[in-house]
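Chemist: attaching a predicted model along with its sequence, questions to come.
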Amino acid sequence: MMSEKIEFELVSPEELLISRPVDMVVVPGGEGYYGVLAGHIPMITTVRPGAIATYEGSQVTDRIFVSGGFAEVTGERVTVLVEGALKVSSLDRAKVEQEIKNFGEDVEDAKTEDERKTAAHNLGIAQAKLIAIQDAASTH
């Protein structure tokens, strides 16, 4: 089964970011991470902030941080639609830790419920970036 490839597409509103066959894709779904191999049951899920991992055999070939979106899975293809994506390797741990501190302060200082929700959303994305950095470091 692992010799069969599944087509992986990562799409932002501006462009097709990645389109290539891989052995497996692991997606941060709304209900938790899930792996997709060729022949997967069709489904559509939300994607939460986290890292998508692509595999060749048992090796991770790419880790891409996404801030959320949707995924459509068929037996032949995984298409992930996101607002934006960054290679996990391009994330700067010190900058991400500063974002967490700043957004945490924004949550505390929020004057309205909308301000608090926006700050909490941004804080969640920053925290997911830090987890992606830590996960990448622990699996190398």
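Modeler: On my side now, so go ahead.

Chemist: which positions in stretch 94-110 come out as buried?
Modeler: Of the residues in stretch 94-110, those scored as buried under the neighbour-count criterion (16 or more other CB atoms under 10 Å) are 96, 99-100, 103-104, 106-107. No exception for glycine: its C-beta is placed from N, CA and C like everyone else's.

Chemist: same thing with stretch 124-133?
Modeler: 124-129, 132-133.

Chemist: let me see the domain layout of this structure.
Modeler: The chain breaks down into these structural domains: 6-88, 91-138 (assignment by automatic domain parsing).

Chemist: buried deepest among the ones you listed, which one?
Modeler: Of the domains of the chain, the one with the most neighbours on average (mean count of other CB atoms under 10 Å) is domain 6-88, at a mean of 17.

Chemist: for that domain, measure first residue to last.
Modeler: 22 Å (CA to CA, to the nearest Å).

Chemist: would you map the strands across this protein?
Modeler: Chain-ordered strands for the chain, with DSSP state E as the definition, fall at 6-11, 16-22, 24-29, 32-36, 43-47, 50-56, 59-66, 69-73, 77-82, 85-87.

Chemist: dump those to a markdown table, plus mean pLDDT and distance to residue 120.
Modeler: Formatted as a markdown table, the entries for the strands of the chain read as follows, by pLDDT from 0 to 100; distance: least, CB to CB, whole Å:
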| stretch | mean pLDDT | distance to residue 120 |
| --- | --- | --- |
| strand 6-11 | 97 | 26 |
| strand 16-22 | 95 | 27 |
| strand 24-29 | 96 | 18 |
| strand 32-36 | 95 | 21 |
| strand 43-47 | 97 | 17 |
| strand 50-56 | 96 | 17 |
| strand 59-66 | 95 | 19 |
| strand 69-73 | 97 | 19 |
| strand 77-82 | 97 | 20 |
| strand 85-87 | 93 | 21 |
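
Chemist: got these as JSON lines, with distance to residue 116 columns?
Modeler: Formatted as JSON lines, the entries for the strands of the chain read as follows, by distance: least, CB to CB, whole Å:
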{"stretch": "strand 6-11", "distance to residue 116": "31"}
{"stretch": "strand 16-22", "distance to residue 116": "32"}
{"stretch": "strand 24-29", "distance to residue 116": "24"}
{"stretch": "strand 32-36", "distance to residue 116": "26"}
{"stretch": "strand 43-47", "distance to residue 116": "22"}
{"stretch": "strand 50-56", "distance to residue 116": "23"}
{"stretch": "strand 59-66", "distance to residue 116": "24"}
{"stretch": "strand 69-73", "distance to residue 116": "23"}
{"stretch": "strand 77-82", "distance to residue 116": "25"}
{"stretch": "strand 85-87", "distance to residue 116": "26"}
